Structures are given as structure tokens and as C-alpha cells.
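Asks: return a 3D structure for these sequence lines:
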Amino acid sequence: MSKINILGQPLSHIPWQDCPEDSELPVWRYSENPIIQRNPVKGVSRIFNSAVLPYENGYIGVFRGEQTDGIPYIYLGRSADGIHWQFEKDKIRFTDSRGEEFMPRYAYDPRLVKIEDIYYIIWCQDFYGASIGMAKTTDFRTFTRLENPFLPFNRNAVLFPEKINNKFVMLSRPSDNGHTPFGDIFVSESPDLEYWGHHRHVMSRSSNWWENLKIGGGAAPIETDQGWLLIYHGVTGTCNGFVYSMGAALLDRNQPSVVRKRASRYILTPETWYEERGFVPNVCFPCAAVTDSQTGRIAIYYGCADTYVGLAFTTAEKLYDYILRYDCAGETEYETGIR
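Replies: I've put the predicted structure just below:
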């Protein structure tokens with residue numbers, strides 16, 4: 001296997017299950033999936049597309065909770081092992097810098113990233129159309145809203161977990177006000193999380209059929225000595241609707257708009273009942289990845305059919321080898337017409 005090392009802290013209690021011998025893909029599912037079922041909290045019909053981080057002696061997460069009136073909000077959850085979760089009964093209450101309530105009309109598909117000693121939540125909300133919302137916390141008791149980083153329309157924003165060249169860096173996917181049957185990934189940077197610029201294109205949807213409609217950020221990029229491992233989602237259209245799969249790429253460590261390597265094949269696609277059947281069928285939507293720098297293990301949290309949360313596993317070496325084997329960087333710009 002090619003040598004690659006995850007940079008960061010060891011995590012001895014990372015959720016883990018060994019790879020089955022018959023696994024052909026570099027990512028394999030937890031045998032007890034889904035780890036979060038329907039109706040997990042009173043008044044919440046489904047939790048999915050959610051993000052998790054190690055916290056204290058266990059794990060903490062921000063979860064997309066689809067309320068029984070259909071409106072999504074973000075709920076806080078805690079776990080000792082990253083698998084079994086308890087949720088707070090009320091949605092997260094956001095305030096402004098003066099401590100006064102400042103709630104979005106709705107909030108969905110959150111990501112959670114720690115930079116230095118502060119935890120940042122990034123989500124999609126309404127700001128004259130789909131746009132990005134942000135908040136910060138140090139204790140998971142008070143949550144302070146920050147300025148919206150981008151104009152509408154935008155979705156799938158993901159902060160890098162480290163500053164790059166002393167700047168905050170964020171991936172996003174500019175979109176439209178509908179369900180966006182198109183989309184590429186861009187990167188932006190900021191000195192202060194308030195003023196954003198130096199927008200650069202990262203990756204386009206490609207001529208590979210599994211991601212020929214749109215792509216978007218997934219888990220926060222994973223820093224390695226070879227670059228940033230990016231686990232993202234790719235979408236194709238079928239006669240019965242969209243299909244969401246997971247892809248993987250390697251971005252340059254100091255210039256993350258540069259794609260060093262990119263796998264032409266998906267790393268996980270809907271195949272099981274909880275991915276194929278649900279409120280929105282055929283969805284594998286990655287939102288978080290926790291890592292152990294000592295073993296190279298990676299645990300991926302992903303939304304399943306907009307109904308459940310699933311857990312999958314890989315290692316940095318397996319993922320890196322797969323990206324190298326099926327690398328198509330520089331050959332995946334979107335093409336029109338018939339080849």
C-alpha cells in the first residue's frame with residue numbers, strides 16, 4: 001500500500017469494525033446500520049445528514065432533525081462510543097453577539113469543525129433563498145451566530161479544520177433556488193470568518209456517470225502528509241430521480257483549489273435497504289469523518305435516504321490507494337454532448 005499519514009490527534013476509541021474479506025470498495029458499512037432510526041426524539045420524525053466530532057471522553061454531534069411539521073432544525077446529540085446517541089429534546093437555540101435569540105427560519109445539513117479551541121457549525125438556511133449559516137461555540141451550551149459568509153444561492157459549505165496560510169478556508173457549492181440539477185465545488189478564504197474572498201474553482205461535476213449532474217462537499221477535509229483527503233458526494237440523474245454516492249479526492253495541502261488526485265469511481269453508493277428506501281430514496285450523503293492518526297482509521301458518518309444515519313469505515317491507506325488506482329484528475333471537467 002502507498003504510504004500516507006493522517007496528521008492530528010490519535011483517537012484510541014474511534015468507532016471501528018474490520019473490513020470484510022469480500023469488500024471490493026475501500027469503504028465498508030457498519031454491520032449494525034443504521035445507527036439512528038426513525039422518530040429518534042419526540043417531535044422529530046427523522047435525523048440524517050449530520051456531523052460528529054470527538055468531545056471530552058466521548059462524542060458530540062449536530063444533527064439535522066426533520067420535525068413532524070416538516071421543518072428542519074439542528075439538534076445536539078451526545079454519545080460515549082460514537083454509535084449510540086442521546087439527543088436533547090429541543091433544537092439548538094442560536095443567539096447574536098449580544099446574547100439575544102437569533103434563530104434561522106430553518107437549518108439543515110450541518111457540519112461541525114473544531115479550529116483551535118472553537119467549534120464551528122455550518123449549515124444551509126434561508127437568506128432570500130438557499131444560503132450558508134454559521135455559528136460558534138466553546139461549550140455546546142451557548143451558540144453565537146456569525147455573519148452569513150456568502151450571497152444566496154449556496155449549499156454544502158464545509159470549513160477546513162485548520163487555517164491554511166493563516167486564513168480560514170471553506171468549500172461550498174453555488175446553486176440555484178431549487179433543487180439544483182447542476183453544481184461544482186469552489187473554495188473561499190477569510191482572515192476573520194466575516195469577509196470572504198479569493199474564490200477559486202476546485203472541481204467540476206464530471207463525465208463519470210455517477211457524478212455527472214452535480215458534486216458537493218461532504219465531510220471536513222482530512223489533513224495528511226500527502227494533502228487533504230476529501231470525501232464528497234456526487235449525484236447522477238435517473239428516470240426515477242437523483243442518486244447520491246460518495247467520492248474521494250486529494251487536494252493540495254497549501255493550495256486546496258488544486259486537485260492532485262481524484263477517483264473516477266465512487267467509494268460508496270446506495271445498495272442497502274436503509275440507503276435505497278426512505279423519505280428520499282437512493283442517498284449516501286457524507287457529513288463527517290473522525291480519524292485516528294495512530295492507526296490511519298477513518299469513521300464516516302453519512303445520511304441514508306434522508307431518513308437514517310449510517311456509519312462506514314475506511315483507512316487513509318485504503319482510500320489513498322483507491323484514489324491513485326482510479327485517478328482521473330485533470331480529465332473530469334463536465335462534458336456536453338455525446339462522445
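Asks: for burial, what's the neighbour tally of the closest residue to C328 other than its chain neighbours?
Replies: Nearest residue to C328 in three dimensions, chain neighbours excluded: S264, at 3.8 Å (CB to CB, 6 or more residues apart in numbering). (Each C-beta comes from the backbone N, C-alpha and C, glycine too.) For S264, the count of nearby residues is 18 (other CB atoms under 10 Å).
Asks: and what of P104?
Replies: Count around P104 with other CB under 10 Å applied: 20.
Asks: so it sits against Q125, correct?
Replies: Yes - using CB atoms under 8 Å, P104 is in contact with Q125, at 4.1 Å.
Asks: how close does S207 sit to C284?
Replies: 21 Å (CB to CB, to the nearest Å).
Asks: with neighbour numbers in mind, choose between those two.
Replies: C284 (29 against 16).
Asks: next, Y322: secondary structure please.
Replies: helix (DSSP: H, G, I helix; E, B strand; the rest coil).
Asks: what's the local residue count around the closest residue to it other than its chain neighbours?
Replies: Nearest non-adjacent residue to Y322, counting by CB to CB, 6+ apart: P26, 4.1 Å away. By other CB under 10 Å, the residues close to P26 number 23.
Asks: distance of P26 from A312?
Replies: Counting by CB to CB, the gap from P26 to A312 is 10 Å.
Asks: repeat for T295
Replies: Separation of T295 from A312 (CB to CB) stands at 16 Å.
Asks: neighbour-wise, which of the two wins?
Replies: Applying other CB under 10 Å to T295 and A312 shows that A312 carries more neighbours, namely 23 against 15.
Asks: I figured that one was touching V27, is that so?
Replies: Yes - with contacts defined as CB under 8 Å, A312 counts as touching V27 at a distance of 5.1 Å.
Asks: overlap in contacts of the two?
Replies: The contact sets of A312 and V27 overlap at 268, 300 (CB atoms under 8 Å, 6 or more residues apart in numbering).
Asks: mind listing what I118 touches?
Replies: 136-138.
Asks: if we go to 10 Å?
Replies: When contacts are counted by CB atoms under 10 Å, 6 or more residues apart in numbering, I118 touches 136-138, 193.
Asks: which one of those is nearest F279?
Replies: For those, the residue nearest F279 by CB to CB is T137; the value is 29.0 Å.
Asks: related to what we said a few turns ago, the residue nearest to C328 and A329 touch, don't they?
Replies: Yes - with contact defined as CB atoms under 10 Å, S264 reaches A329; the gap is 9.4 Å.
Asks: any common contacting residues for those two?
Replies: With CB under 10 Å, 6+ apart as the test, S264 and A329 both reach I323.
Asks: bridging residues for the residue lying closest to T138 once chain neighbours are set aside?
Replies: The shortest distance from T138 to any non-neighbouring residue, by CB to CB, 6+ apart, is to I118 (5.9 Å). Beta bridges link I118 to I115, judged by DSSP bridges.
Asks: what of M170?
Replies: L159, S188.
Asks: mind checking pLDDT for the nearest residue to T314 once chain neighbours are set aside?
Replies: Closest residue to T314 apart from its sequence neighbours, by CB to CB, 6+ apart: V27 at 4.6 Å. Predicted confidence (pLDDT) at V27: the value is 98.
Asks: quick one: V27 from A305, how far?
Replies: Per CB to CB, V27 is found 17 Å from A305.
Asks: and the contacts of I118, which of them are buried?
Replies: Buried members of the contacts of I118, counted by 16 or more other CB atoms under 10 Å: 137, 193.
Asks: show me which pair in the contacts of I118 is furthest apart.
Replies: Among the contacts of I118, the pair separated by the greatest distance (CB to CB) is T138 and L193, which sit 14.5 Å apart.
Asks: OK, contacts around the nearest residue to S31 once chain neighbours are set aside?
Replies: Excluding the flanking residues, the one nearest S31 by CB to CB, 6+ apart is Q17, at 6.4 Å. Listed by CB under 10 Å, 6+ apart, the contact set of Q17 reads 28-32, 83, 299, 311-313.
Asks: and if you look at P54?
Replies: Each residue near P54 by CB under 10 Å, 6+ apart is listed here: 9, 11, 13-14, 60, 82, 114, 290-292.
Asks: can you tell me which of these is nearest S97?
Replies: Among the contacts of P54, K114 lies closest to S97 (CB to CB), at 20.6 Å.
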